[in-house]
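# build me a structure from this.
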Amino acid sequence: MGKAEKGTPKYLANKMKAKGLQKLRWYCQMCEKQCRDENGFKCHTMSESHQRQLLLFADSPGKFLYSFSKEFSDGYMELLRRRFGTKRVNANKVYQEYISAKDHIHMNATRWLTLSDYVKWLGRSGQVIADETEKGWYVSYIDRSPDALERQSKMERKEKMEKDDEERMLAFVEKQIEKAKCTTNQESTECIEKFTELKRDESQPLKLDIKVVKNVHMENTSHKVALNTKHFKMDTTIKNNTVQNVKQKSKSDSSTTSALDEIMLLEEQAKERSNRKDYWLHEGIVVKFISKSMGEKYYKEKAVVQSVIDKYRAKIKFLESGEKLKVDQAHLETVIPALNKNVLVVNGGYRGFEGVLRELDEGNYCVSVEIATGPLQGRIVKNLKYEDISKLHS
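Next up, the predicted model:
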C-alpha cells in the first residue's frame, strides 16, 4: 500500500499520530484516552469503563475540576520555572510548549475558559507578574522556592544584625553625650551656688590675704580609705568570679543535653515540613474503597495500588473480585494491619520508609512503627497517625 498523498486527510491523520497530538474534541480527560476519529470517540463514550468514570465524576464534580485545574497549573508553572526562570516571556509561548507533551492536561478540563483568564488568575494570586501588551499577555515568574526564601531570610537577618550593631553604637554614643551634658550642667550649677558676685568697695583699698595650709592628717586618712576600698573590691570580685564559675559548671551539663534535644527536635520538624504532602498514594500498598458511587459491591472493599497517576489518582485492583479501576485518592483510605505486620509510611517526616507495626494506640488514633529498611533501620517512630501509614501488600 502506497503512502498517502500530501495534504489529504489520511496524510494529516498520520502526521498527527506520529507527533502524538490529535484533535482535542476527541479526547476524554476522565479516561485519559485520545480517539482518532468521531466513530472511535462515540464507541469510547458508550464503553463500561467510561460510564464508571462518569459515575465517579458525578459524585463530586468540583473535586475533579479542582484536581485537573491544579495539575494544569502545576505543569504550566513548572515549565515556566525550569525553562524561563524569572525572565519576562509571552504566556502563549509557554502554553504552546506545555501542550506539546502528549499527556498534558487540557485547558477545557479546568475552571479557566481561556489562557487570558488563567494568566489573570496567576497575577491575582501572586505567582507571576502579568502585564498585557499589543502582542498578548507576558508573565514573569516569582521565585518562592524554599532555597530562594532561605537566601532572602539570611540576607534579611544579616542586614538586621548590621542595623542592630549600628543602632546599639548610636544609642551608646547618645547616652555618653547625655551623660557628659549632665555632668557639665551639674558642675555649672555648683559653681553658681558656691561662688557669689564680687562687689568692690571703691572707698577701701584692695587687700589680698592668701594662706597655704598643708593638711597632713587629711592626706593620711584619705590614703588609708583608698587602700581599704581597694582591698574590699578585690575580695568581692574574687567571690563573684568563683560563684559564676560554679554556676557555669552546673549549667554546662544540662545545656549540652538540652541543646542536642533542641537540634534533634528542629531536624524532625524540618523533615516533617519537607515531606508532608497533600498526596499519599504509593505503589504496593493496600487501601480501602470508601465511595458509594459505584454501588454497594465495591463499598469498603480492599484493593492494592498497582500504579500512581499524576500523584492524586491511582490504578487499583480489588483483592476479591480482581477488577481494576482508576480512582482519585479522595475515594480511598489507608488500611491498618495487625501487629508485627509490614507497613509503609505514606506521609510525614518518614515518608517512603518501610517498617513493622509495633504498637497501636486506639485512644489517640496513632501507632508506633519500627523502621525496617534504610539508614534508620531499627528506629522506633511513635505517634504516627492512622492516615500516615498503610499495609504493604505481600
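
# all helices of the stretch 201-350 of the chain, in order?
Along the stretch 201-350 of the chain, counting by DSSP state H, counting those that start in this stretch, helices occupy 216-275.

# shaky segments in it?
201-260 (pLDDT under 70).

# recalculate using a threshold of 50.
Where the stretch 201-350 of the chain drops to pLDDT under 50, the residues are 216-217, 219, 224-227, 230, 232, 246.

# residues in contact with residue 120?
residue 130 (CB atoms under 8 Å, 6 or more residues apart in numbering). To be clear about C-beta, it is placed using only N, CA and C from the backbone, and glycine gets the same treatment.

# continuing past the helix or strand it falls within, what's the next helix or strand?
Here residue 120 is covered by helix 115-124, with elements defined by DSSP states H and E. With elements assigned by DSSP H and E, the helix or strand that comes after helix 115-124 is strand 128-133.

# for whichever helix or strand comes after that next one, name the packing helices and strands.
Note on strand 128-133: by DSSP H and E, the next helix or strand toward the C-terminus is strand 136-141. Applying 3 or more CB pairs under 8 Å, 6 or more residues apart in numbering; DSSP states H and E, one finds that strand 136-141 makes contact with helix 61-84, strand 88-90, helix 91-99, helix 115-124, strand 128-133.

# CA atoms only for strand 136-141 - export them in CSV, please.
Output of strand 136-141 as CSV, limited to C-alpha atoms (Å, rounded to 0.1, in the frame of the first residue of the first chain):
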residue,chain,number,x,y,z
GLY,A,136,-0.6,39.5,24.2
TRP,A,137,0.0,38.6,27.8
TYR,A,138,3.5,38.5,29.2
VAL,A,139,4.4,36.8,32.5
SER,A,140,7.4,36.8,34.8
TYR,A,141,7.9,34.0,37.4
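
# what's in contact with it?
Strand 136-141 is contacted by residues 77, 80-81, 84-92, 94, 115-116, 119, 122-123, 127-132 when judged by CB under 8 Å, 6+ apart.

# same deal with stretch 152-164?
Counting contacts by CB under 8 Å, 6+ apart, no residue outside stretch 152-164 touches it.

# also stretch 271-283?
Contact with stretch 271-283 is made by 146, 305-308, 311-314, 329, 332, 334, 344, 346-352, 387-388, 390, as judged by CB under 8 Å, 6+ apart.

# first-to-last residue distance for it?
End-to-end span of stretch 271-283 (CA to CA, to the nearest Å): 22 Å.

# roughly how far is it from the heart of the chain?
Chain-centre distance of stretch 271-283: 12 Å, with CA atoms, centre = their mean, to the nearest Å.
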